[in-house]
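Participant: structure of the sequence below:
(chains A, B and C)
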Amino acid sequence: MENINVIINGVEVSVPKGSTILEAARIANIDIPTLCFLKDINAIGACRICVVEAQEKRGDALGPKRIVASCVYPVTEGMVITTNSPAVIDSRKKTLQLILSTHEKKCLSCVRADNCELQKLCYDLGIEDEDYYAGDKPVYDLDTSAAHMVRDNNKCILCRRCVAVCEANQGVGVIGANERGFATNVSSAFEMGLGETSCISCGQCIVNCPVGAIYEKDNTTAVIEAIADPDKYVIVQTAPAVRAALGEDFGMPIGTNVEGKMVAALRKLGFNNVFDTDFAADLTIMEEATEFLGRVQNGGKLPMITSCSPGWIKYCEHYFPEMTENLSSCKSPMQMFGAVAKTYYAEKIGVDPKNIVVVAVMPCTAKKFEIGRDDMAAAGVPDVDISITTRELARMIKRAGIKFTELADEKFDEPLGISTGAAVIFGASGGVMEAALRTAVWKLTGENADAPIEFTEVRGMEGIKEASYTVNGMEIKLAVVSGTANAEKLLNKVKAGEADYHFIEVMGCPGGCVNGGGQPHQPASVRNFTDVRAKRAEALYAIDAANSIRRSHENPAIKSIYDEFFGEPNSHKAHEVLHTTYVKRGLYNNK
Amino acid sequence: MGSKKKAAPFNGTPEQEKQLKEVIASLKDEQGCLMPIMQKAQDIYGYLPIEVQTMIAEGTGIPLEKIYGVATFYAQFSLYPKGKYRISVCLGTACYVKGAGDLYEKLIEKLGIQGGECTADGKFSLEACRCIGACGLAPVLTVNEDVYGRLTPDMLDDILAKYN
Amino acid sequence: MKTLEELNVVKAKMEGEVALRTHGNASSKYERHVLVCGGTGCTSSGSMKIIDALEREISANGLTEKVQIVKTGCFGLCALGPIMIVYPEGTFYSMVTEDRIARIVKEHFVEGNPVKEYLYNETVDGDEIKALDDTAFYKKQHRVALRNCGVINPECIDEYIGRGGYEALGKALKEMSQDEVIQTILDSGLRGRGGGGFPTGMKWKLAKNIVKEGQKYVACNADEGDPGAFMDRSVLEGDPHVVLEAMAIAGYAIGADQGYIYVRAEYPIAVERLEIAIKQAREKGLLGKNIFGTDFSFDIGLRLGAGAFVCGEETALMTSIEGNRGEPRPRPPFPAEKGLFGKPTLLNNVETYANIPQIILNGADWFTSMGTEKSRGTKVFAVGGKINNTGLVEIPMGTTLRTVIEEIGGGIPNGKKFKAAQTGGPSGGCIPAEHLDIPIDYDNLISIGSMMGSGGLIVMDEDNCMVDIAKFFLEFTVDESCGKCTPCRVGTRRLLEILDKITKGQGTLEDIDKLEELCYYIKANALCGLGQTAPNPVLSTLKYFRHEYIAHVVDKKCEAGVCRDLLSYEIVKDNCIGCGVCAKQCPANAITRTDYIAPGKKLAAMEIDKEKCVKCGACVGVCKPGAIIKK
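Facilitator: Residues are numbered from 1 along each chain as shown, chains lettered A, B, ... in the order given. Have a look, this model is predicted:
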């Protein structure tokens, strides 16, 4: 690529043509603060925090110094840029003070107190008087109507990152800027509560919010109370992606696998059993692979689409209700786990399922919605009682005074803590597909131990991945998508008859659960230059590679549960406990 | 989010719906069709309540929220019907100190609507206005072109009765 | 119509007709043309009824074959509407009412004697009736953009052709290359008439060259939103074809085949005339496929605004046409590279386009002969406020403000003193008396802290408070801010709050500093042109009228007597006759009777309790002896 030369803070740098000033400065190892900017998603130049002084070449001379927004302003040959002049600092400070004048500064009790991007900017820029521009400030009611989250417009700084991810990444667009001028606010049409809209509960708005204006509904108190209740038998399960991200909330590098420490911490929190959703992921493969082969062999509805991601499920029900028959009837691993815990395991330990509390630790906010769905009560009580996010678990660990980073690794309890490498990669986009292929190909090639294990074509962070395999003369066409906007593109192709996949994996969040709406916050300053998703996914693939058992059907606990309880995959009993149904919601009528 | 405003019940007719659907069908494939459709929809219905915006959303595939965002950005679009009789209470200083605020509250109570809204039967809409220059008559309200001054809350029934 | 020859046939037929109205070689089949203004101003003062009455009376007097009624666009002197001009004499009837028509028809049209007492008094000099062009209002004007306004029937394409219309398009298509067209515009020195004054030719060149191939658009900004400005409306109402022709020329020059006109929905007459004009141009083949038999095809679509001032900003206008909230987007990329629907787009405003056909026909040299070195040609202003001749004027660049206000505008009413002229609307500034002799051009206005803007010119006298004026414009900007960027969304609101505080007498000297500092910040940091110029009304009043701010803050006085909270009402007891009417009017029961009976009066005088007084002024209006004073 062609390079051009610019001078940043007096130092000449060569940067690719077409770079923004922000990118060019980064190459020169200079950070420029941003608020509204999200690479590839939100480049609207609205907040004006990232301003710098720039002079462009005009012939041989330099043009006048101008304040420009570095996130969107492209560099030109010979441009002279100053990122830290008094004028720049003064501009940024005033912008911050103006933002602060409309921001509810309940910083001490804010859920983002330890990682608020606005607060950090105030500190970095040395804001001395946060009330300098105090004046009128609109007052908004909290929106608590959704199952999974709260919106507090009093803290909203109108960066519109949430709006951009909701529309661009997720193809949902249930929140947007309404009204204009000083009255501009982010809300849903006709000020409907989010719970009344076709919001899919993915929580991408939460992970992208720089402040405490959008946050998950905190259910940690319910967990603590359940643990403290002597009549309750409290089981915790943890989703694959949690172990790849939880460490970040304790200052560990992105992509650190903290499975052992997490198990130790959960034990210290007092759960009766510390189990692994990975077990249920293996179970899902057994059920789903069988269902898939059944559909292929019996002329069932194809393409079959995975059903692990509750955000995706809700999306399909709202936006593609005509395609709910394509969804696998399998419950998600979390729900399967709860169902197994309250049937098979309850029997095994002789506890009344009514007294069992299943807590799920999830990288996901849609799980908070999913646990309340109909047809999710195998034992006559909800399969899962409480679903908390990775962030909430981190909060619980901190509150309990557990020195997370010092903990020695511990192992999950048996039997529902036993899992394979195939299960742990569920947390990354493509993982479910790869895990299913491991078992399906093994089956189709006559249970051949040499059947391939790694299917790298479906790995990686691209939004839409395609692959096809010929196994025993049978061609299987696959697609893997993440982010529901990508799902929309793909499903439209399927509907138009332009694609004839057999099997599609959809994950609601871009990159899969590693980037779920319940994962630890990483500020835009990190997200814009680091693929957080890829680093977390690497951790999961490393766990898989290190596992001696890498195919779900080889999981000894899975073998036992079929021997002892279900009989075989897709048996009548398996259907009763492990499968579910869907609702054709549509967009504006049926919620 | 302020208080959630409730509009008068939607009284769209099948003819209006047919007209709107024709408008949508004729424009939806044009680039940037949303505003022309909304303008025509407002011509047909007089305003753009949730029912109409939902029809546009369903007909064009544009998310309802985006339509609402556009509707609330431009001054020309109205979410509420205007009543046959538009009651405007002056909340200028002179009227305010003479109790115009009480009048306004009383009207909200009597009509069962908030400012900017219209009654279910489409008869009255209520709004507050800035000084209309009739300070000598304070407190003042107007119903369409008629001016009523030196009011007390107990006089409101008689005024409303004139238009009922 | 596929050839220039066909155009010339129409022209030949119509030329003589319209020439009757311009003192040229007339060959009309009518004896008289009666031109009635059908612009917005005159229409709201009743000109449509005048036309009805004319039709009635003309028919009653059997003159249908002899007198033609022409509904035209704006003549400019809106304050005197409804306006009616009778040719070939060129007699100017002002403030025409329906009941005057019968007499005018009889005496003037039948008997040939203009009704002097109904004529615009400036045109009557004893027995003599002056030509319109000799009046102070018109004498120093020079009409280029407005050359057809008030001359032709805007709903008749043939009349436009009769005035040389579409000849420039024919010339461009048949005789000039794209580059020659652009070079002519460059050489003419024409600069954008919508505000910034960017060289128009340069814009065209960029739109042609940055991206060479593929879909491009030409757009016309007719979203004139400055309070008090109506230049573009008048062109659209009076001469819509000139805009269509110019856009087609632009389309040819840059390689675009589609144009959009974004016009305010608040201009229903302009919208209707544009619709008619587009239809007529399509019927004649002057829009559509293979214009004049060439390879060039061009069509134009209308898009209506929906009440958002910010949509006058070019990127906001384009986002609005695309069907979004009209929020500006960052530049670069500039529209010439990435505009409407992501395609290269050329955007000019109405008045800029209105100059194009004349420049193509008469050449760049003709245009550069008008105006100043850096600002060529003429500029249309909508003059209003405290001035006698409210209306629309077109003057050569370089004319002084004094000429516009004192000569053309006829000075300030009621013998009041000039205080300031505001140009550029909410983006502009106030110009004080000391700069009245500055020649008006882009650079001069900027150098004195204002700007050309689209052409609003509001005159203020000693009764206007400059802090209040700044507040008025800020209220407008705050209402119209799109809300996207922080400096404008929150910053302008804070400016307004500080101004409000000052006008209420609660301001401090620190507030003035804070105000000024915030203004400079917004200017440098806001996302779009609207935000960046929003502080100008404050900055320019601070620059020239800082003493008024200080008086509000330190002395708690509003010299102009505008800021209510700084006023006090007092009854001069010796003048009070004690009638008590004021007390009855007082909404706050602040007026009571004293014990003092003034010499020669029968009743005890009244007095105002300043604590209770809400300063509504109701008492002043009813005090017969004028005993109540405002301080």
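Participant: next one: the one residue in the stretch 301-450 of chain C that gets nearest to chain A from residue C:523, what distance?
Facilitator: With C-beta to the nearest C-beta as the measure, residue C:330 is the residue of the stretch 301-450 of chain C nearest to chain A, at 3.7 Å. No exception for glycine: its C-beta is placed from N, CA and C like everyone else's. From residue C:330 over to residue C:523 the distance is 17 Å, taken as C-beta to C-beta, to the nearest Å.
Participant: and residue A:111, by the same measure?
Facilitator: Taking C-beta to C-beta, one finds residue A:111 at 37 Å from residue C:523.
Participant: likewise residue C:458?
Facilitator: Distance, residue C:458 to residue C:523, using C-beta to C-beta: 22 Å.
Participant: repeat for residue C:490
Facilitator: Here residue C:490 is placed at a distance of 15 Å from residue C:523 (C-beta to C-beta).
Participant: who has more neighbours, those two?
Facilitator: Higher neighbour count among residue C:490 and residue C:523: residue C:490, with 28 against 18, using other C-beta atoms under 10 Å in any protein chain shown.
Participant: then that one would be within a helix, right?
Facilitator: Yes: note on residue C:490: a helix contains this position according to DSSP: H, G, I helix; E, B strand; the rest coil.
Participant: wait, it sits on residue A:97?
Facilitator: No: contact criterion C-beta atoms under 8 Å: residue C:490 and residue A:97 do not qualify, at 9.2 Å.
Participant: between those two, which contacts overlap?
Facilitator: Between them, residue C:490 and residue A:97 have residue A:133 as joint contacts when contacts are counted by C-beta atoms under 8 Å, 6 or more residues apart in numbering or on different chains.
Participant: tell me which parts of chain A are close to chain B?
Facilitator: A:140-141, A:143, A:153, A:167, A:172-180, A:185, A:187-191, A:197, A:587-588 (C-beta under 8 Å from any C-beta of the partner chain).
Participant: if we go to 6 Å?
Facilitator: By C-beta under 6 Å from any C-beta of the partner chain, the part of chain A that sits against chain B consists of A:140-141, A:173-174, A:176-180, A:187-191, A:588.
Participant: between those residues, which is closest to chain C?
Facilitator: For these, the residue nearest chain C by C-beta to the nearest C-beta is residue A:180; the value is 4.8 Å.
Participant: okay, now the closest one: neighbour count?
Facilitator: Other residues lying near residue A:180 total 25 when counted by other C-beta under 10 Å.
Participant: give me phi/psi at the nearest residue to residue C:301 once chain neighbours are set aside?
Facilitator: Here the nearest residue to residue C:301 in space, its sequence neighbours aside, is residue C:260; by C-beta to C-beta, 6 or more residues apart in numbering or on different chains that works out to 5.3 Å. Main-chain torsions, residue C:260, degrees, to the nearest 10: phi -130, psi 140.
Participant: ok, residue A:476 next?
Facilitator: On the backbone of residue A:476 - angles per degrees, to the nearest 10 - the values are phi -110, psi 120.
Participant: what residues are bridge-paired with it?
Facilitator: residue A:469 (DSSP bridges).
Participant: so it is in contact with residue A:467, correct?
Facilitator: No: taking contacts as C-beta atoms under 6 Å, residue A:476 lies outside contact range of residue A:467: 8.7 Å.
Participant: quick one, what contacts residue 169?
Facilitator: No chain in the question, so chain A it is. Contact partners of residue A:169, counting by C-beta atoms under 6 Å, 6 or more residues apart in numbering or on different chains, are A:204, A:483, A:485, A:510.
Participant: that's the wrong chain, I wanted chain C
Facilitator: Residues touching residue C:169, when contacts are defined by C-beta under 6 Å, 6+ apart, comprise C:245, C:248, C:249.
Participant: low-scoring stretches of the chain, by residue?
Facilitator: I'll assume chain A. Under the criterion of pLDDT under 70, the regions of chain A flagged as low confidence span A:590-591.
Participant: think we crossed wires, I meant chain B
Facilitator: With pLDDT under 70 as the threshold, chain B has low-confidence stretches at B:1-8, B:92-94, B:97, B:130-136.
Participant: quick one: the helices in it?
Facilitator: B:14-27, B:34-45, B:50-60, B:64-73, B:93-97, B:100-111, B:156-163 (DSSP state H).
Participant: I'd like the next helix or strand past the longest helix that chain A contains.
Facilitator: With DSSP H setting the assignment, residue counts place helix A:277-298 as the longest helix in chain A. Remark: after helix A:277-298, the chain's next helix or strand is strand A:304-305, criterion DSSP states H and E.
Participant: ok, and what's touching that next one?
Facilitator: Contacts with strand A:304-305, where a contact means C-beta under 6 Å, 6+ apart, come from A:292, A:295, A:326, A:327, A:328, A:503, A:504, A:506.
Participant: top of these by neighbour count?
Facilitator: Within those, neighbour counts (other C-beta under 10 Å) peak at residue A:506, which reaches 28 neighbours.
Participant: and it, helix, strand or coil?
Facilitator: State at residue A:506, reduced to three classes by three-state DSSP: strand.
Participant: count of neighbours near the closest residue to residue B:51 other than its chain neighbours?
Facilitator: Beyond its immediate neighbours in the sequence, the residue positioned closest to residue B:51 (C-beta to C-beta, 6+ apart) is residue B:10, lying 4.4 Å away. Applying the criterion other C-beta under 10 Å, we find 12 residues in the vicinity of residue B:10.
Participant: how about stretch A:288-297: buried residues?
Facilitator: Counting neighbours by 16 or more other C-beta atoms under 10 Å in any protein chain shown, one finds that the buried residues in stretch A:288-297 are A:288, A:289, A:290, A:291, A:292, A:293, A:295, A:296.
Participant: same deal with stretch A:402-413?
Facilitator: By neighbour count with 16+ other C-beta under 10 Å, stretch A:402-413 contains the buried residues A:402, A:404, A:407, A:410, A:412, A:413.
Participant: does the last one really touch residue A:271, like I thought?
Facilitator: No: in this structure residue A:413 lies outside contact range of residue A:271 using C-beta under 6 Å: 9.1 Å.
Participant: what residues are up against the residue lying closest to residue A:195 once chain neighbours are set aside?
Facilitator: By the measure of C-beta to C-beta, 6+ apart, the closest residue to residue A:195 outside its immediate chain neighbours is residue A:145, 3.4 Å from it. Each residue near residue A:145 by C-beta under 6 Å, 6+ apart is listed here: A:193, A:194, A:195.
Participant: tell me the one among the residues you listed nearest to residue C:543.
Facilitator: Taking C-beta to C-beta as the measure, residue C:543 sits nearest to residue A:194 out of these, at 48.9 Å.
Participant: okay, now the residue nearest to the closest one when sequence neighbours are not counted: neighbour count?
Facilitator: Residue nearest to residue A:194 in three dimensions, not counting chain neighbours: residue A:146, with 4.2 Å by C-beta to C-beta, 6+ apart. One way to gauge burial is a neighbour count; for residue A:146, by other C-beta under 10 Å, it gives 22.
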